[in-house]
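[1] Generate coordinates for the sequence data below:
(one chain, ligands or ions: 1)
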Amino acid sequence: MMPLPCPSCGQPLGLKLDFLVKHPAVQCPYCKSVLKFNIDKESTAKMEKGLKELQDLKKKYENIAKFS
Ligand SMILES: [Zn+2]
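    Numbering: from 1, shown residues only. Model prediction:
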């Protein structure tokens, strides 16, 4: 997961998406500006599904490699 930079001062915040889903408003520790992240639960779910599919695919190829 890429660390999100503060949109105001550009410092890396090191916040993860799952944290932001639970805390959509956080204060930047560097410039003290309050940041609001509008995270759509639906797109988060889609992203998680995509990641899972990618892992399944990886497993599939691992098995193929093992048997070849
Ligand atoms: Zn900041």
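
[2] tell me which parts of this protein are close to the ion?
    With CB under 5 Å from the ion as the criterion, the chain meets the ion at residues C6, S8, C9, C28, Y30, C31. Where you see a C-beta, it was placed from the backbone N, CA and C, and this is true even at glycine.

[3] Which strand or helix spans the fifth one?
    Assessed by DSSP states H and E, Y30 sits outside every helix and strand.

[4] next one: phi and psi at it?
    The phi/psi pair for Y30 (degrees, to the nearest 10) reads phi -90, psi -50.

[5] repeat for the second one
    Main-chain dihedrals, S8, degrees, to the nearest 10: phi -90, psi -50.

[6] In space, what's closest to it - neighbours in sequence excluded?
    With CB to CB, 6 or more residues apart in numbering as the criterion, S8 has its nearest non-adjacent residue at 4.4 Å, and that residue is S33.

[7] Centroid-nearest residue for this protein?
    For the chain, the residue nearest the mean C-alpha position is L17 (3.9 Å; CA atoms, centre = their mean).

[8] Many thanks, have a good one.
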